[in-house]
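J.: quick check, what structure comes out for this input:
(4 chains)
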Protein chains: 2
Amino acid sequence: MSQTVDRALSILPLLAEGPADLGRVADRLGVHKSTALRLLRTLHEHGLVYRQSDQRYRLGARLFALAQEAVENLDIREIAHPHLVRLNEECGHTVHLAVYEENEVLYIDKVESRYPVRMYSRIGKPVAITVAAVAKLLLADLPEAERRALADKLDYPLYTPRSTPNAPAFLKELERVREQGWATDLGGHEESINCVGAPVRGTDGRVVAAMSVSAPNVVVTGDELLTLLPLVRRTAEAISREYSGRTTP
Amino acid sequence: MSQTVDRALSILPLLAEGPADLGRVADRLGVHKSTALRLLRTLHEHGLVYRQSDQRYRLGARLFALAQEAVENLDIREIAHPHLVRLNEECGHTVHLAVYEENEVLYIDKVESRYPVRMYSRIGKPVAITVAAVAKLLLADLPEAERRALADKLDYPLYTPRSTPNAPAFLKELERVREQGWATDLGGHEESINCVGAPVRGTDGRVVAAMSVSAPNVVVTGDELLTLLPLVRRTAEAISREYSGRTTP
DNA sequence: AGGTGAATTGCGATATCTGCAACGGTCATT
DNA sequence: AATGACCGTTGCAGATATCGCAATTCACCT
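T.: Residues are numbered from 1 along each chain as shown, chains lettered A, B, ... in the order given. Presented below is the predicted three-dimensional model:
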């Protein structure tokens, strides 16, 4: 592993906390100011950090552009998108698509609800991994050992009284999800919001992505939302079929 | 500038185009495969690149998370958001907020239209800089020399017959925007979409951000949209006032 | 099995990076 | 107005981390 690059990259999460000046960056990195300066310069040339008018550094614009381009080039996303739109047209609610990667689950696509009350979420935002329906679907498919290890490492924030409280409960829930082939989040993240989700599978049957439909209680009750389950599963299966007949995962 | 870091960072835009294997990365970088490998490894450890099951590399999850955190930490965005929401509630159309940074203009916030017909755009996506109302507002405030230099460097794609055709026309338009203190895009980007925008200013009067309201012809005509101008300007001024009484830009 | 293609590892030469110390600019203080 | 403190910046020489090579391992296909 390259030391220089390692140091340079360590600057990014540091700046994600908020703008910092040269001295602060050097201190946090444990290197001389001149060293930090050169690293920051290089990051700057690539547009990854931006120098604001007060000379402090913060994360730069190209970072967004990169993330943007990357997310648009994911083949699952490309294939799934029209299906998500159609589902949204049929049920009217917010539709999400998410993938698992290196201990994180993140939304890679979203079709907004047609109802005025909307759920807060954003593409690229890490998902509330212990409660979201899509997270359960993706984690349920991990190899036993990895699943267990991950469950132990996670925090279990009590967003609501219905949030998954701890690792054993989470593992049990994952087991259930694994067997039934679909998942829900009934007020586990936000008190008044429910979700139903289903997995997208690749050729080999492994789960490559997960999708869900979300709606607030004021629009439909949890039970009503569950009636959409067959539709959600059919959509997920349609995406799976199309994805399996295509490019390498 | 650091060579190693420079090379490592050059990998990112390369992967943004799509997944690539080690050999391809090494070739594009013009270095030996072993070198490319070590760089990729380092990027991997920081979560910036991900290794998919076919061993090819693509951009990783942490990149999205970083971009996400970065955008949420912009103070202008935080201050402006409630104002944008209120404006959206009053007029129903899509509202955008954008900033200028290093030769790019990009959306940093968006409140979606309440009408079923929506405009395509996404937070983090670079704006069509030669035609968008927000871009005109931001560039019009640059120092003369910089504005001129930038105008020369830009491409002027003809999205529609009403797109800004070349640098002189653009500079003239910027001059006008500068004087009148607001800007429009009437079908310059997409034939059927119009926008009206106004600048957000900091304490010193410099433009720090720009906002706009966009709507397709099928919902309101360009003239009707113009009647919203006073409301848009009032909103921009309200944001400016609140922003001026705050943290350093 | 054999063979191709790719990724990976160990190693020595050397280009690259590091930390120091001195410089220059800016802002606040007296 | 002058002084001083602070921060960012630059040039340099020594230290060392990096580079490319060549050999090895691995996986896949014929």
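J.: which secondary element of chain A has the worst mean pLDDT?
T.: Across the helices and strands of chain A, mean confidence by mean pLDDT, DSSP states H and E is lowest for helix A:61-72: a mean of 83.
J.: between helix B:61-72 and it, find me the angle.
T.: Angle, helix A:61-72 to helix B:61-72, by axes from the mean of the first three to the mean of the last three C-alpha atoms, to 10 degrees: 130 degrees.
J.: got a list of what the residue nearest in space to the middle of chain A touches?
T.: For chain A, the residue nearest the mean C-alpha position is A:Leu106 (1.0 Å; C-alpha atoms, centre = their mean). If you count contacts by C-beta atoms under 8 Å, 6 or more residues apart in numbering or on different chains, A:Leu106 has them with A:Ala98, A:Val99, A:Gly124, A:Lys125, A:Pro126, A:Val127, B:Ala61, B:Phe64, B:Ala65. (Glycine included, C-beta is placed from N, CA and C.)
J.: low pLDDT regions in chain A?
T.: A:113-124, A:246-249 (pLDDT under 70).
J.: helices of that one, start to end?
T.: Taking DSSP state H as the test, the helices found in chain A are A:3-16, A:22-29, A:33-45, A:61-72, A:75-91, A:133-140, A:144-153, A:167-180, A:222-226, A:229-244.
J.: gap between the most far-flung residue of chain A relative to its centre and DNA strand C?
T.: Largest separation from the mean C-alpha position in chain A: A:Ser34, at 37.1 Å (C-alpha atoms, centre = their mean). If you measure A:Ser34 against DNA strand C using C-beta to the nearest atom of the strand, to the nearest Å, the figure is 4 Å.
J.: same question for A:His189.
T.: 37 Å.
J.: does that residue really touch A:Tyr159, like I thought?
T.: Yes - the criterion here is C-beta atoms under 8 Å, and A:His189 meets it with A:Tyr159 at 5.2 Å.
J.: now do stretch A:23-39: distance from first to last residue.
T.: 13 Å (C-alpha to C-alpha, to the nearest Å).
J.: list the buried residues for that stretch?
T.: Under the neighbour-count criterion of 16 or more other C-beta atoms under 10 Å in any protein chain shown, stretch A:23-39 has A:Val25, A:Ala26, A:Leu29, A:Val31, A:Thr35, A:Ala36, A:Arg38, A:Leu39 buried.
J.: the fourth one reaches A:Arg7, doesn't it?
T.: To tie it back to what came earlier, the one meant is A:Val31. Yes - contact status for A:Val31 versus A:Arg7: in contact at 6.5 Å, counting by C-beta under 8 Å.
J.: among the contacts of A:Leu106, which one sits closest to DNA strand C?
T.: B:Ala61 (19.4 Å; C-beta to the nearest atom of the strand).
J.: roughly how far apart are the nearest residue in space to that closest one that is not next to it in sequence and A:Ile129?
T.: Spatial nearest neighbour of B:Ala61, excluding adjacent residues (C-beta to C-beta, 6 or more residues apart in numbering or on different chains): A:Glu101 at 4.4 Å. Shown here: A:Glu101 relative to A:Ile129, a distance of 12 Å by C-beta to C-beta, to the nearest Å.
J.: more neighbours, these two?
T.: Ranked by neighbour count (other C-beta atoms under 10 Å in any protein chain shown), A:Glu101 and A:Ile129 place A:Ile129 first, with 23 against 19.
J.: now the residue nearest to that one when sequence neighbours are not counted: how far from DNA strand D?
T.: Nearest residue to A:Ile129 in three dimensions, chain neighbours excluded: A:Ala135, at 4.5 Å (C-beta to C-beta, 6+ apart). With the distance defined as C-beta to the nearest atom of the strand, A:Ala135 ends up 29 Å from DNA strand D.
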